[in-house]
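> 3D, please:
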Amino acid sequence: MVLEKVVEILRNYKDEQDLEVTIDSTFEELELDSLDTVELVMEIEESFDTSIEMDGEIQTIGDVVNLIEKAIA
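As a prediction, the model looks like this:
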């Protein structure tokens with residue numbers, strides 16, 4: 001459920017409904033620069049009513065999903 005919601009938010013953010021996104025997709029592969037990433041994380045935080053601590057370890061969509069799942073558990 002978390003992955004599907006994150007993918008939906010990402011597709012809406014990029015305005016590409018057919019964007020290929022997997023749990024292993026990196027921000028770089030999705031052509032997201034640092035500003036895009038910050039804005040996207042803010043949208044994800046708002047959607048899940050949680051806070052995500054971004055650091056250099058977060059490289060993939062799976063990393064974000066894992067943080068959200070831990071935060072809402």
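
> Give me the phi and psi for Thr26.
Dihedral pair for Thr26: phi -90, psi 160, per degrees, to the nearest 10.

> any idea how far Glu46 is from it?
Going from Thr26 to Glu46 by CB to CB, to the nearest Å gives 23 Å. C-beta: built from backbone N, CA, C; applies to glycine.

> More neighbours: the two, which one.
Shown here are Thr26 and Glu46; by other CB atoms under 10 Å, Thr26 has more neighbours (13 against 10).

> Mind listing what's buried along whichever helix in the chain runs longest?
Criterion DSSP state H: the longest helix present in the chain is helix 34-48. Buried residues in helix 34-48, counted by 16 or more other CB atoms under 10 Å: 37, 40-41, 44, 48.

> and which of those residues is nearest to Val21?
Leu40 (11.7 Å; CB to CB).

> nearest residue to that closest one other than its sequence neighbours?
Tyr13 (5.4 Å; CB to CB, 6 or more residues apart in numbering).

> Using CSV, list the CA coordinates for the helix or strand hosting the one you found.
In this assignment (DSSP states H and E), Tyr13 forms part of helix 2-14. Output of helix 2-14 as CSV, limited to C-alpha atoms (Å, rounded to 0.1, in the frame of the first residue of the first chain):
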residue,chain,number,x,y,z
VAL,A,2,2.8,2.5,0.9
LEU,A,3,4.7,1.7,-2.3
GLU,A,4,1.6,2.2,-4.5
LYS,A,5,0.8,5.6,-2.8
VAL,A,6,4.4,6.8,-3.2
VAL,A,7,4.4,5.8,-6.8
GLU,A,8,1.1,7.6,-7.3
ILE,A,9,2.5,10.8,-5.7
LEU,A,10,5.6,10.6,-7.8
ARG,A,11,3.7,10.1,-11.0
ASN,A,12,1.5,13.1,-10.2
TYR,A,13,4.5,15.2,-9.2
LYS,A,14,6.2,14.4,-12.5
